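Chemist: Need coordinates for the following:
(one chain, ligands or ions: 1)
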Amino acid sequence: MFDMRKFFRSFTFAITGVRSAMQEQNFRSHLLSAMIVIIAGYFTGLSRVEWLIIIIVIALMFALEMVNTAIERVVDLASPTIHPLAKQAKDIAAGAVLVFALASAIIGLLIFLPKWL
Ligand SMILES: Nc1ncnc2c1ncn2[C@@H]1O[C@H](COP(=O)(O)OP(=O)(O)OP(=O)(O)O)[C@@H](O)[C@H]1O
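Modeler: Numbers count the residues shown, from 1 in each chain. Next comes the predicted model:
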């Protein structure tokens, strides 16, 4: 049966996770970028589909950054000393964020540039 208390407890933990991710420098710079994109979208005038794409990209960027932070925490816990596998894990997670950030920048340019030029 659906356990309402358990659901709310998990929800509270997830909110705590979002709050602790917000302490991260990277998360804050994504927050600033997201706000700039939303303001630019408001003044440029986007279609419903363009807004959907922007919202999906912003949400995925935050989610990926949070997964990256979670991986960093687990690596620090599992390998407090220097280890090549720890380096690989952190670098690959950071690489995943970079890949999506580049794709997001291209998507942003494809949406905004034709309207500005
Ligand atoms: N235990 C480790 N063993 C080997 N290399 C590591 C280890 N920890 C970190 N590194 C290397 O140092 C880099 C920076 O690590 P750091 O822990 O400062 O991560 P970060 O990406 O700056 O995250 P944050 O500062 O948000 O914790 C990593 O990307 C990795 O290349």
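
Chemist: What is the helix ranked longest in the chain packed up against?
Modeler: As assigned by DSSP state H, the longest helix anywhere in the chain is helix 84-116. For helix 84-116, the packing partners by 3 or more Cβ pairs under 8 Å, 6 or more residues apart in numbering; DSSP states H and E come out as helix 25-44, helix 48-78. C-betas here are computed from N, CA, C, even on glycine.

Chemist: got the contact list for residue 117?
Modeler: Residue 117 makes contact with no residue under the criterion Cβ atoms under 8 Å, 6 or more residues apart in numbering.

Chemist: separation between the residue nearest to residue 40 when sequence neighbours are not counted and the ligand?
Modeler: For residue 40, ignoring the flanking residues on the chain, the nearest one in space by Cβ to Cβ, 6 or more residues apart in numbering is residue 112 at 6.6 Å. Taking Cβ to the nearest ligand atom, to the nearest Å as the measure, residue 112 falls 29 Å from the ligand.

Chemist: ditto for residue 49
Modeler: Residue 49 sits 35 Å away from the ligand, going by Cβ to the nearest ligand atom.

Chemist: pLDDT at that residue, what is it?
Modeler: The score at residue 49 is 98. That number is its pLDDT.

Chemist: again with residue 15
Modeler: With respect to pLDDT, residue 15 scores 97.

Chemist: burial count for it?
Modeler: 10 (other Cβ atoms under 10 Å).

Chemist: could you measure it against the ligand, distance?
Modeler: 21 Å.

Chemist: who touches the host helix or strand of that residue?
Modeler: When secondary structure is defined using DSSP states H and E, the element that contains residue 15 is helix 4-21. If you take Cβ under 8 Å, 6+ apart as the criterion, helix 4-21 is touched by 27, 65, 66, 69.

Chemist: 7 Å instead, please
Modeler: Here helix 4-21 makes contact (Cβ atoms under 7 Å, 6 or more residues apart in numbering) with 27, 66, 69.
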